[in-house]
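K.L.:
can't give you the sequence, but here's the structure:
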């Protein structure tokens with residue numbers, strides 16, 4: 001099992017939503033999605049885990065690595081709706097990450113986030129695609 005992702009730009013932040021299971025076989029795909037985020041947006045990134053069914057320790061470490069990559073570009077990572085026990089595998093060098101109970105709370109923390117401006121998603125993202133969609137990702 002792997003993940004699907006959707007990346008949405010808002011005026012003051014970006015949202016990277018995941019669905020599926022973030023395990024060892026999905027880390028490369030997740031890393032690619034983070035690269036997509038780095039190439040296309042600015043400001044803080046909310047990692048929306050509402051659709052995530054779970055994550056392994058390796059998946060959690062990939063999230064910590066994403067926080068480091070984003071921080072290296074001057075961007076923060078925030079988490080929304082983390083699965084299961086609500087913990088991350090500590091790595092000691094992970095930047096601080098705000099944790100929100102759900103995506104709505106994360107958007108509210110950024111004054112609502114504003115209207116979605118653009119969206120990209122992986123080919124099998126569940127639900128309706130409303131904006132631009134990359135192919136072969």
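P.N.:
Structure's in. What do you need? Just so you know, these numbers come straight off a predicted model, no measurement behind them. Residues are numbered from 1 along each chain as shown.

K.L.:
after the lengthiest strand in the chain, next one along is what?
P.N.:
Identified as the longest strand of the chain according to DSSP state E is strand 45-55. Downstream of strand 45-55, the next assigned helix or strand under DSSP states H and E is helix 57-72.

K.L.:
so who does the nearest residue to residue 43 once chain neighbours are set aside touch?
P.N.:
Once flanking residues are discounted, residue 43 sits nearest to residue 13: 5.2 Å by Cβ to Cβ, 6 or more residues apart in numbering. (Each C-beta comes from the backbone N, C-alpha and C, glycine too.) Residue 13 sits next to 43-46, 110, 113 when contact means Cβ atoms under 8 Å, 6 or more residues apart in numbering.

K.L.:
try 10 Å
P.N.:
41-46, 75-76, 78, 106-107, 109-111, 113-114 (Cβ atoms under 10 Å, 6 or more residues apart in numbering).

K.L.:
so for it, what's the pLDDT?
P.N.:
Each residue has a pLDDT score; the one for residue 13 is 90.

K.L.:
thanks again, I'm all set now.
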